[in-house]
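Engineer: pasting the sequence and the predicted model now:
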Amino acid sequence: MSVSPRRLRVASAAALLLPGALLGGSCAEAPTVEITVLDPCWKETGFSFRDDSAYAEYAVIRGGCPSDERLAEGDLGATAFRAVVPASAALPSIDSLPRAKYGFAVVMRDDQCRVRAFGCTAADVESVTRVKIAVAAWGTDSLCTPLEGAGCVAPARCDEGRCTEKPRDGGAEGGGGCDLSLVASGALPAPLVPVERVSGPSVAAAPGGFVIGYREQNGGTGQARARVVPLSADGALGDPADVDLAGCTGALNADAPTLAFSGEAGLLVSGVSRCDASGAGVAFVAVDSSLAPGARGGANNPFFHELTTTRLAAAPAGSGKWEVVFRILDESTASDPDTSRIEAATVAGAGFEGGTSVLLDGAPADWAMIARTTSVRAVLGSLRRPAALLLEVGATAAAAQEVWFASAPWASLAAWSNRAAVLSPSGGSTAPPGGTGGTGGASGAGGAAGADAGASDSGATDAAAETGAGGTGGSGGTGGSGGSSSGLTLTVRDANAAAVGQIPLLGTGVVGGAVTALGDYVLVVVGSSGKLTVHRVDGATGTLGAAPAASVDYSGTVGEESLAAFDGSQVAVAADGDRVALVWLTRQTLASGNPTGGWALLQCAE
């Protein structure tokens, strides 16, 4: 018997699918919400989705309910709570939630993890005390006929209501809980237009999992937007939230945006093209704990020809503040990239706090990136004169020491505990270039404003940088577009710039990479044409291993996601809990039919 959607949705007298439950916690201020899950088809037709299903998946989703189409595929987006239990079991206990709007969802699955029915009710726990969720085959003409949703995609298998997956290459051996096995993978949302310029990505640990950020730009009109996409620790990609970055014809950005997160707050940073007399500038967008973009700030300057950032242009600087670094090329000297400089500023919320300062002794540079913890601050820049990479590392900006590397087309930076790491395709640290001194003093005019403020820790990964892509447009040699490498070196220094370890990482045709840390593991991802490789180096907080303890190759595919068009240059990595998140963009300029890129979650428990 078919029942109209309206009638089913208001069937409050239908039989209970599961007992009611209380949503609340130990906090006296937390709201208490009674949740009841209904099976209205049982009353209407005698058919019970509870009896038909093997498992029930419950989720509390930040911001509200996903679309029926997504729920029918089992895609729950960014969750504040998620659990799978046998369909006949009681509703699982849910901890207290902050006062906000949520979607309360149930997905019924069979023993092959195929979705049979679902329901979701949006509610603001600030103002409601009871939530009822009706499960049915929503979105179809026959709401009481079970859905025939796709099950797990090979090689994944259904394991007690969840799809679990191993990498095609068998995973790494000897890793114990951090075997880098593939948990889930998927595609990023389709681009704005069929032919698009994409740059980034960034990925950071955030409440409920991770958050991904990247920028899209219409190659014809120059119109740009940033995309903020939540990714749950269970492998559910949320709906993208877009931030308009304006733009104009002929002004295509060649740099990369940053999306950083610390505790319950994040910051999106992007350079803004010069389109009129207001000049180039920078946009700051606050991201809240629900992973939604909020207040926007920043500024344009009529004297700026270019203002560009890298994938690690922001780092937490304590008390809701961020230290942001960017490259500036003035309008008056636009034809001479050797007049560029790196500046830093403190950002609070989405606006500047105080003035800016010059970094790297004012040397002309193509790009710079920053990583911080409470115990170490590291700035890495690609200098034009002398042609070299310069790392400034210390407990504070004033205590920074200089570490030099040979010039490279790209590099990556990370910081954790009291250590900083540089991933470079040009080898390990070297002697200072002739005539540069190398005194080890503070950079710029005393370091960035607020640079000595203690950074707030943000979980197991204190800071992680992605490929140092796109410092400029026109100067070349940045962001994986300047040439390939036959090998990589991971160099780790402590807060006194003392050597911790220098590890060669073999590879062929590597054009991009990223590094982060999780507990006692250093995790490195490198990209080449059609291939991603992940290395695990042990001893992140102790004695660093002399070589990777485990490596996994994804050649041609990651799970079911094709790497056929992937050029290897734009990759990012972050880690938290027992998950490592990899994100990649296919290439900077997408050809018609190219996917935007993809993501993967790997297992890594301490």
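Structural biologist: Looks like it came in fine.
Engineer: now do the contacts for the residue most central in space within the chain.
Structural biologist: Note on the chain: the residue nearest the mean C-alpha position is residue 203, at 1.6 Å, using CA atoms, centre = their mean. By CB atoms under 8 Å, 6 or more residues apart in numbering, the contact set of residue 203 is 210-213, 231, 259, 466, 572-574, 581-583, 599. Every C-beta, even on glycine, is put in place using the N, C-alpha and C of the backbone.
Engineer: how about 10 Å then?
Structural biologist: 210-214, 229, 231, 259, 261, 311, 464, 466, 514, 516, 571-575, 581-584, 599 (CB atoms under 10 Å, 6 or more residues apart in numbering).
Engineer: SS state for it?
Structural biologist: Secondary structure, DSSP: H, G, I helix; E, B strand; the rest coil: residue 203 is strand.
Engineer: how near is it to residue 576?
Structural biologist: Residue 203 is 10 Å from residue 576, where distance means CB to CB, to the nearest Å.
Engineer: now residue 138
Structural biologist: 33 Å.
Engineer: mind checking which of the two has more residues around it?
Structural biologist: Using other CB atoms under 10 Å, the more surrounded residue of residue 138 and residue 576 is residue 576, with 22 against 19.
Engineer: look up the closest residue to the more buried one, ignoring the ones flanking it.
Structural biologist: Leaving aside its sequence neighbours, residue 576 sits nearest to residue 205 (CB to CB, 6 or more residues apart in numbering; 3.5 Å).
Engineer: any idea of the pLDDT on the one you found?
Structural biologist: As predicted, residue 205 sits at a pLDDT of 94.
Engineer: that one touches residue 601, doesn't it?
Structural biologist: No - assessed by CB atoms under 10 Å, residue 205 is found out of contact with residue 601, at 12.0 Å.
Engineer: identify the contacts common to these two.
Structural biologist: Joint contacts of residue 205 and residue 601 (CB under 10 Å, 6+ apart) are 233, 579, 581.
Engineer: leaving out the residues flanking it, which one is nearest to the last one?
Structural biologist: Just to be clear, that refers to residue 581. Using CB to CB, 6+ apart, the nearest residue to residue 581 is residue 210, at 4.5 Å.
Engineer: shouldn't that neighbour be within a strand?
Structural biologist: Yes - using three-state DSSP, the assignment for residue 210 is a strand.
Engineer: hey, what's it bridged with?
Structural biologist: Taking DSSP bridges, one obtains residue 205, residue 231 as the residues bridged to residue 210.
Engineer: count the neighbours of it for me.
Structural biologist: 26.
Engineer: same thing with residue 200?
Structural biologist: 32.
Engineer: for it, what are its contacts?
Structural biologist: Residue 200 makes contact with 212-216, 226-227, 255-259, 270, 310-311, 466-467, 469-470, 570-572, 583-585, 588, 597, according to CB under 10 Å, 6+ apart.
Engineer: mind redoing it with 6 Å?
Structural biologist: 214-215, 256-257 (CB atoms under 6 Å, 6 or more residues apart in numbering).
Engineer: could you dump those into TSV and include secondary structure?
Structural biologist: Listed next are the contacts of residue 200 as TSV, based on three-state DSSP:
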residue	secondary structure
214	strand
215	strand
256	coil
257	coil
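Engineer: and the nearest residue to residue 338 once chain neighbours are set aside, what are its phi and psi?
Structural biologist: Distances taken as CB to CB, 6+ apart put residue 364 closest to residue 338, at 4.6 Å, once the chain neighbours are dropped. Phi and psi for residue 364, reported as degrees, to the nearest 10, are phi -60, psi 140.
Engineer: hang on, residue 364 packs against residue 342?
Structural biologist: No - Residue 364 is not in contact with residue 342 according to CB atoms under 6 Å; the separation is 9.0 Å.
Engineer: which of those two has more neighbours?
Structural biologist: Neighbour count, other CB under 10 Å: between residue 364 and residue 342, residue 342 has more, with 30 against 20.
Engineer: that one pairs with what?
Structural biologist: residue 327.
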